[in-house]
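Trainee: Requesting a structural model of the entry that follows:
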Amino acid sequence: MRTPLLRLGLIALSLCLVFPSLGLEFSSSPPPDTFSQQGKELRAELERIYRNRKEKVHPLSGIDVSSTIAKYVPLGTSLDDAERILKAAGFKTDSRPPHPIQKDSIVKFDEKHRLAWLGTLVLDQTFLVSSTTVIVVLSPDSPGDPKARVKEIQGSLHTTYL
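Mentor: Residues are numbered from 1 along each chain as shown. Here you go, the predicted model:
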């Protein structure tokens, strides 16, 4: 019984030596960074939405891009992965929640915003005239937990005029 298995093993080994393409290939290059790719695709889609808008972006309401962002940062994604994707898209990100309560501040935020995570991306800026920015707010399922996941996504594209 050993002889047929030994013969089969020798045949397989010799085939791999004669035809290396049949054997296993080992690559030293790392696999493509999926977060980087997702970020680039997200940025391209946000820029496409901005370029293809029908009318001026209203400064107060903006354009809701939550569903677009959710395609690349789905609900349930870890905050670490969400941060990698958004940074790859060019977003500048705020510190992780929960944010400390500012007792002496004149600006008061409700608890929901104190526990949210914020990112901003400038798509277009005209010198001293206007700025078009995408703002994304990610709400974690358990603020303060290092393994928190995205529970809610709000994204909007705004143009502000000076």
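Trainee: Nearest residue to R53 in space, please, no chain neighbours.
Mentor: Computed as CB to CB, 6 or more residues apart in numbering, the closest residue to R53 that is not its neighbour in sequence is I63, at 6.6 Å. From N, CA and C alone the C-beta is placed, and that goes for glycine too.
Trainee: and the one you found, how many neighbours?
Mentor: Using other CB atoms under 10 Å, I63 has 19 other residues around it.
Trainee: next one: V150
Mentor: Using other CB under 10 Å, V150 has 21 neighbouring residues.
Trainee: dump the residue contacts of it.
Mentor: Residues near V150 by CB atoms under 8 Å, 6 or more residues apart in numbering: V73, P74, L75, G76, T77, S78, L79, A82, L138, S139, P140, D141.
Trainee: Mind giving me the ChimeraX select for the residues you listed, buried ones only?
Mentor: Buried residues among those (16 or more other CB atoms under 10 Å), as a ChimeraX selection:
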select :73,77,79,82,138,139,140
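Trainee: Reformat the contacts of V150 as CSV; add secondary structure.
Mentor: Converted to CSV, the contacts of V150 look like this (DSSP: H, G, I helix; E, B strand; the rest coil):
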residue, secondary structure
V73, coil
P74, coil
L75, coil
G76, coil
T77, coil
S78, strand
L79, helix
A82, helix
L138, strand
S139, strand
P140, strand
D141, coil
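Trainee: hmm, back to that, could you measure the residue nearest to R53 against I49, distance?
Mentor: For I63, the distance to I49 equals 7 Å [CB to CB, to the nearest Å].
Trainee: Residue ranges in this structure under the pLDDT threshold?
Mentor: Residues of the chain meeting the criterion pLDDT under 70: 1-32, 54-60, 96-115.
Trainee: Next, F35: phi, psi?
Mentor: phi -60, psi -40 (degrees, to the nearest 10).
Trainee: between I63 and I49, what contacts are shared?
Mentor: Residues touching both I63 and I49 by CB under 8 Å, 6+ apart: L157.
Trainee: so what's the residue nearest to R53 up against?
Mentor: Counting by CB under 8 Å, 6+ apart, I63 makes contact with I49, R53, V57, S156, L157.
Trainee: ok, now how distant is T160 from L121?
Mentor: In this view, T160 and L121 are 14 Å apart by CB to CB.
Trainee: L138 now?
Mentor: 13 Å.
Trainee: go on, I135?
Mentor: In this view, I135 and L121 are 8 Å apart by CB to CB.
Trainee: And for T68?
Mentor: Taken as CB to CB, the span from T68 to L121 is 12 Å.
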